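Peer 1: Build me a structure from this.
(2 chains)
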Amino acid sequence: MDRLARDDEEQLIARSQRGDVNAFNQLVLNYQQMMYGAVFRLLGNYDTAADVTQDAFFAAFRAIATYRGGSSFRAWLLRIGSNMACDYWRRSARRPAESLEALTDEDEPQALDLLGALAETSLEGNPEAMLLTQELQDVIQQGLQQLPLDQRTAVVLCDVEGLSYEEVAQATQTTLGTVRSRISRGRARLRNYLQEHQELLPRNYRLSSSNDSSHS
Amino acid sequence: MSQQDRHLTTEQLSAFLDKQLMEEEQDACSLHLKTCEQCRQALARLRQTVALLRALPQPALPRSFVLPADTVATPLMVAEEAPAQAPISITEERSRRRAGAARGRNLVRLVSGLVAVLGILIFVSACPATLPHNFGAASTASSNASSGAAVPAAAPRDKTASNGRDQPYSRPAEGTAQATNATQAAGAQTQDATVSPTPTAEPTPTAVPQPTPADRTFSLPAPSPVEEIWLTLSAPLTRVGLGILLFIAGLLGLLLLRRSRPRAG
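Peer 2: Predicted structure coming up:
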């Protein structure tokens, strides 16, 4: 993705802080994909995500004077965006369709499931190039939505949007230790969800028998 | 304790994956994973989950989220560099005006006080020429002059002289706190100033109406424009009049300000 040079970004931020909406819009163009993506992964609905994203950018422009240089600007933006998304989630009557079942024993050796096979075939070579089908994306999204909000936010910011632990801490206004804990629990829960709901995956992704163990 | 007994927790594995552990702990986990199949599998599952998350594509942007060009920031917090753009509240404006007015008033007060003090100084410096006990100490010429020039005005002058003396002490009751400090300090200085030059200044005012070359040269060694003005001012009547005028002007300034203060408050 095309990233603004740091100096350019600082200039745009400074101009925005003086009320220059055109300068701020340059920042919007640069960060809107990230913001919309994060908000969508948090809420799971395209229209709602668009509304919240727009509100978040308005709020960011109004609050831009509070941004202190030296900290991550994208973390600052995502703090506003994720806060608004979480507020929306809490306000709405929506609740995850499936309640989370008891976590399986982590230590139990499991037969390699679909995910393992998928990962194995795709991760070899270039993990970045892994393409997920729409169905798989939907299952992952459902898995995200059944996470508690704080774990969901941490996982989305870190694993989906690629923020560092420090940036996640900044965006969630917590400590590194809390970030670490939420990320690990969110990942574990999602892993369990995906393993337990293989039936939601298309037939050809399911494995009937276990394969050899995965290589890390 | 064998390594098998210490399986890694999910949090450890997760942090290990992101290289968020301290170096010793990171190395310890590496070591453990070499020999523990269980933990290796757990790590593998975790890694897969992360890989899937990272592989999630960004949803297509439905539209552009740029703000309308006429969007005005109604700031939650005003930027220090742009006070002009921030709407100034009414109370803030009032306090600004009040601060400016207060500064103006203070300035006028100071000037009035100084003017009054100057008036006193000038007035009092003319007094020695007319004071009764100074007549005896004055030279013959000056005594003639003082008796000649000062007698007609002696009576009122005595009153004013005593008033002039008392003024520095009574004024504090009339003046404001600021003026009080200024005049008290100045009043003390005035008293000191008049006491010391009295013997030397005494011949000066009296020398003017009846010029005595000896006194003049004694009291005015260097002729200059300033000295010429001083000569004019040296006339006791002039100085008394000027002193009184200045004093009244200063007093008026202070009193008027005092009256206007409650209104502006």
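
Peer 1: Report the closest residue of chain A relative to chain B.
Peer 2: A:S184 (3.4 Å; Cβ to the nearest Cβ). For glycine as for every other residue, the C-beta is placed from the backbone atoms N, C-alpha and C.

Peer 1: Quick one: list the elements packing against the helix or strand where that residue lies.
Peer 2: A:S184 is part of helix A:176-196 when elements are defined by DSSP states H and E. With contacts defined as 3 or more Cβ pairs under 8 Å, 6 or more residues apart in numbering or on different chains; DSSP states H and E, helix A:176-196 has these neighbours: helix A:134-145, helix A:149-155, helix A:165-172, helix B:10-17, helix B:37-55.

Peer 1: closest to A:A23 out of those helices?
Peer 2: helix A:165-172 (22.6 Å; Cβ to Cβ).

Peer 1: Nearest the geometric middle of chain A, what residue?
Peer 2: When Cα atoms, centre = their mean is applied to chain A, the residue found nearest the centroid is A:V156 (1.7 Å).

Peer 1: contacting residues for that one?
Peer 2: A:A38, A:R41, A:L42, A:S82, A:L144 (Cβ atoms under 8 Å, 6 or more residues apart in numbering or on different chains).

Peer 1: out of those, which are inside helices?
Peer 2: Mapping those onto helices (DSSP state H) picks out A:A38, A:R41, A:L42, A:S82, A:L144.

Peer 1: Chain neighbours aside, what residue packs nearest to the fourth one?
Peer 2: I take that to be A:S82. Excluding the flanking residues, the one nearest A:S82 by Cβ to Cβ, 6 or more residues apart in numbering or on different chains is A:T153, at 5.2 Å.

Peer 1: hang on, isn't that neighbour packed against A:M84?
Peer 2: No: using Cβ atoms under 8 Å, A:T153 is not in contact with A:M84, being 11.7 Å away.

Peer 1: So which bits of stretch A:140-148 are buried?
Peer 2: A:I140, A:Q142, A:G143, A:L144, A:Q145, A:Q146, A:L147 (16 or more other Cβ atoms under 10 Å in any protein chain shown).

Peer 1: Report the mean confidence score over that stretch.
Peer 2: The pLDDT scores in stretch A:140-148 average 95.

Peer 1: from the chain's centre, how far out does that stretch sit?
Peer 2: 10 Å (Cα atoms, centre = their mean, to the nearest Å).

Peer 1: Pull that stretch out as PDB, backbone CA atoms only.
Peer 2: Extracted C-alpha coordinates of stretch A:140-148, given in PDB (Å, rounded to 0.1, in the frame of the first residue of the first chain):
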ATOM      1  CA  ILE A 140     -13.100 -16.600  10.100                       C
ATOM      2  CA  GLN A 141     -15.200 -13.500  10.400                       C
ATOM      3  CA  GLN A 142     -17.800 -15.400  12.400                       C
ATOM      4  CA  GLY A 143     -15.100 -16.700  14.600                       C
ATOM      5  CA  LEU A 144     -13.900 -13.100  15.200                       C
ATOM      6  CA  GLN A 145     -17.400 -11.900  16.100                       C
ATOM      7  CA  GLN A 146     -17.800 -14.400  18.800                       C
ATOM      8  CA  LEU A 147     -14.700 -13.200  20.600                       C
ATOM      9  CA  PRO A 148     -15.100 -10.800  23.500                       C
END
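
Peer 1: can that stretch be found next to chain B?
Peer 2: Yes: with Cβ under 8 Å from any Cβ of the partner chain as the criterion, chain B is reached by stretch A:140-148 at A:I140, A:Q141.

Peer 1: residues near B:A116, how many?
Peer 2: 28 (other Cβ atoms under 10 Å in any protein chain shown).

Peer 1: That one: what's its closest spatial neighbour, skipping adjacent residues?
Peer 2: Nearest one to B:A116, counting by Cβ to Cβ, 6+ apart, is B:G250 at 2.6 Å.

Peer 1: Check B:A69 too.
Peer 2: Here the residue nearest B:A69, using Cβ to Cβ, 6+ apart, is A:V21, at 6.2 Å.

Peer 1: Just give me the closest of the contacts of A:V156 to B:L121.
Peer 2: For the contacts of A:V156, the nearest to B:L121 is A:S82 (74.3 Å; Cβ to Cβ).
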